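Participant: here is my input; please provide its structure:
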Amino acid sequence: MVSAEGEQLGILPITDALRIAQERELDLVEVAPEAVPPVCRIMDFGKFKYQQSRRAKDARKKQTVIQVKEVKMGPKTDEHDFQFKARHVRRFLEDGNKAKVTVRFRGREMVHTELGRRLLDRMTQQMSDIASIESHAKLEGRNMVMILTPKQR
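Facilitator: Numbers count the residues shown, from 1 in each chain. Reported below is the predicted structural model:
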């Protein structure tokens, strides 16, 4: 058993531990039930629960959720439009998100899938300083998809 101040009180029967806790107007809380013998502590249980919820809330604040942002283009995308999309991809990666780059083929464009692969290769080259490839360009139905992730700094 551990007191409210953190000093070791030794191994005590439950009745004695409860009596000591009641004398101090605090609660007897089991903090390590899997230990042999189980470890109990005299403390204010309401305060303990509050501190636990605060720690959990702070831990959630520090977590970052990585989103997958998507940029779509066609195989005939012109230079200016490509640069515009590349700036968007760069911004997504700098913000710490993944970027999914999709080239969609319509009608007879499916015959020229190499045009889409060239576009995705150009995108990879332009983002090589800040991104690494999570999944290489692959054809999924009428779309060619590639996923880029930000490099660790």
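Participant: mind giving me the domain ranges of the protein?
Facilitator: Following automatic domain parsing, one finds the domains of the chain at 14-62, 68-150.
Participant: which of those has the lowest average pLDDT?
Facilitator: With a mean of 87, domain 14-62 has the lowest mean pLDDT of those.
Participant: quick one: terminal-to-terminal distance for it?
Facilitator: Criterion C-alpha to C-alpha, to the nearest Å; first-to-last residue distance in domain 14-62 is 40 Å.
Participant: could you point out which element follows the longest strand seen in the chain?
Facilitator: The residue-count maximum for a strand in the chain (DSSP state E) belongs to strand 131-140. Next helix or strand after strand 131-140 toward the C-terminus (DSSP states H and E): strand 143-150.
Participant: residues of that following strand that come out buried?
Facilitator: Neighbour-count burial for strand 143-150, counted by 16 or more other C-beta atoms under 10 Å, picks out 144, 145, 146, 147, 148, 149, 150. C-betas here are computed from N, CA, C, even on glycine.
Participant: name the residues that touch that strand?
Facilitator: With contact meaning C-beta atoms under 8 Å, 6 or more residues apart in numbering, strand 143-150 is reached by 68, 89, 93-94, 96-105, 113, 116-117, 120, 123-124, 127, 130-138.
Participant: which of the residues you listed fall within strands?
Facilitator: 68, 98-104, 131-138.
Participant: just the buried residues of those residues.
Facilitator: Of those, these count as buried by 16+ other C-beta under 10 Å: 98, 99, 100, 101, 102, 103, 131, 137.
Participant: pretty sure the second one contacts residue 93?
Facilitator: So the one you mean is residue 99. Yes: between residue 99 and residue 93 there is a contact at 5.6 Å, judged by C-beta atoms under 8 Å.
Participant: what is in contact with these two at once?
Facilitator: Counting by C-beta under 8 Å, 6+ apart, the contacts common to residue 99 and residue 93 are 127, 131, 148.
Participant: once you drop chain neighbours, what's closest to the last one?
Facilitator: Ranked by C-beta to C-beta, 6 or more residues apart in numbering and with sequence neighbours excluded, the top spatial neighbour of residue 148 is residue 131, at 4.2 Å.
Participant: and the most centrally placed residue in the chain, its phi and psi?
Facilitator: The centre of the chain sits closest to residue 65, judged by C-alpha atoms, centre = their mean, with a distance of 4.4 Å. Note on residue 65: backbone dihedrals following degrees, to the nearest 10 are phi -90, psi 120.
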